[in-house]
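Asks: no sequence on this one, just coordinates:
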């Protein structure tokens, strides 16, 4: 494998590993935040960035890594399907966070600890599947990993900022559903003055293949 290919592997792997590190940090900040008399909306302020960045990443990963898996990996269609299903499970958990955050009667009796435990579990499973896809793409399509990292970044910037677990995730229906969801989410983000963080930008000069870290057992505080 030449230097260009090795750089591409690192770029995609590092982008994914940094993204999940950011998601875990934001989840910890959100799950540990408690409103006070002086800051009654502290929980919303801490949780919205986590919901927005995680929703964007899941959408982008399905849009970019799923097709790449189908084109380059053995049993790629099955693996892309499994990944989409796992992302859907995480989005369902994120929907519980959103519902609890904004006072939905459907989850009013469910404690926060139970909701965050489910989110942490599904995020860990998603991270493991994504890491395996990235590792195998680095072997099967190393020459495309720089391009995939850039596409992941730009797709994430344009992705939905709220969980939409019951919309299509793959193929043409998925692309159409994402476009509609983005417009709706953008309207409500503007109306609510919601802060949406930028995704992790790929860096091509990082050293080392760190994707093995993602395959270890995660420990969520």
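Replies: Thanks, I have it. The structure displayed is predicted, hence computed values, not measured ones. Numbering: from 1, shown residues only.

Asks: Show the contacting residues for the residue of the chain most remote from its centre.
Replies: Outermost residue of the chain with respect to the C-alpha centroid, by CA atoms, centre = their mean, is residue 37; its distance is 32.4 Å. For residue 37, the contact set (CB atoms under 8 Å, 6 or more residues apart in numbering) is empty. Yep, even glycine has a C-beta here, placed from its N, CA and C like the rest.

Asks: Look at it and give its secondary structure.
Replies: coil (DSSP: H, G, I helix; E, B strand; the rest coil).

Asks: Test for you: state the pLDDT assigned to it.
Replies: Confidence at residue 37, expressed as pLDDT, is 86.

Asks: quick one, phi psi at it?
Replies: Recorded main-chain torsions at residue 37 are phi -60, psi -40, according to degrees, to the nearest 10.

Asks: Could you report the neighbour count for residue 48?
Replies: When neighbours are counted by other CB atoms under 10 Å, residue 48 registers 23.

Asks: That one is in contact with residue 194, isn't it?
Replies: Yes. Under the criterion of CB atoms under 8 Å, residue 48 makes contact with residue 194 at 5.5 Å.

Asks: Show me where this structure has its helices.
Replies: 3-32, 42-72, 76-101, 112-140, 145-157, 171-192 (DSSP state H).

Asks: gap between the fourth one and the chain center?
Replies: Relative to its chain's centre, helix 112-140 lies at 9 Å (CA atoms, centre = their mean, to the nearest Å).

Asks: One more: the fifth one?
Replies: Relative to its parent chain, helix 145-157 has a centroid offset of 13 Å by CA atoms, centre = their mean.

Asks: Which secondary structure elements does that helix sit against?
Replies: Helix 145-157 is packed against helix 3-32, helix 42-72, helix 112-140, with contacts defined by 3 or more CB pairs under 8 Å, 6 or more residues apart in numbering; DSSP states H and E.

Asks: Also the second one?
Replies: Where contact means 3+ CB pairs under 8 Å, 6+ apart, helix 42-72 is packed against helix 3-32, helix 76-101, helix 112-140, helix 145-157, helix 171-192.

Asks: so how far is the first one from its chain's centroid?
Replies: Read that as helix 3-32. 10 Å.

Asks: can you list the weak-confidence ranges in this protein?
Replies: 1-10, 204-221 (pLDDT under 70).

Asks: go again using 50 as the cut-off
Replies: 1-9, 207-209, 217-221 (pLDDT under 50).

Asks: Buried by neighbour count: which residues of stretch 40-51 qualify?
Replies: Using 16 or more other CB atoms under 10 Å as the test for burial, stretch 40-51 gives 43-44, 46-51.

Asks: Turn these into CSV, including distance to residue 96.
Replies: Below are the buried residues of stretch 40-51 laid out as CSV (distance: CB to CB, whole Å):
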residue, distance to residue 96
43, 14
44, 15
46, 16
47, 12
48, 15
49, 18
50, 13
51, 11
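
Asks: any idea which of the helices of the chain is most buried?
Replies: helix 42-72 (a mean of 22; mean count of other CB atoms under 10 Å).

Asks: between it and helix 76-101, how many degrees?
Replies: 170 degrees (axes from the mean of the first three to the mean of the last three CA atoms, to 10 degrees).

Asks: Kindly calculate the angle that helix 42-72 makes with helix 3-32.
Replies: 150 degrees.
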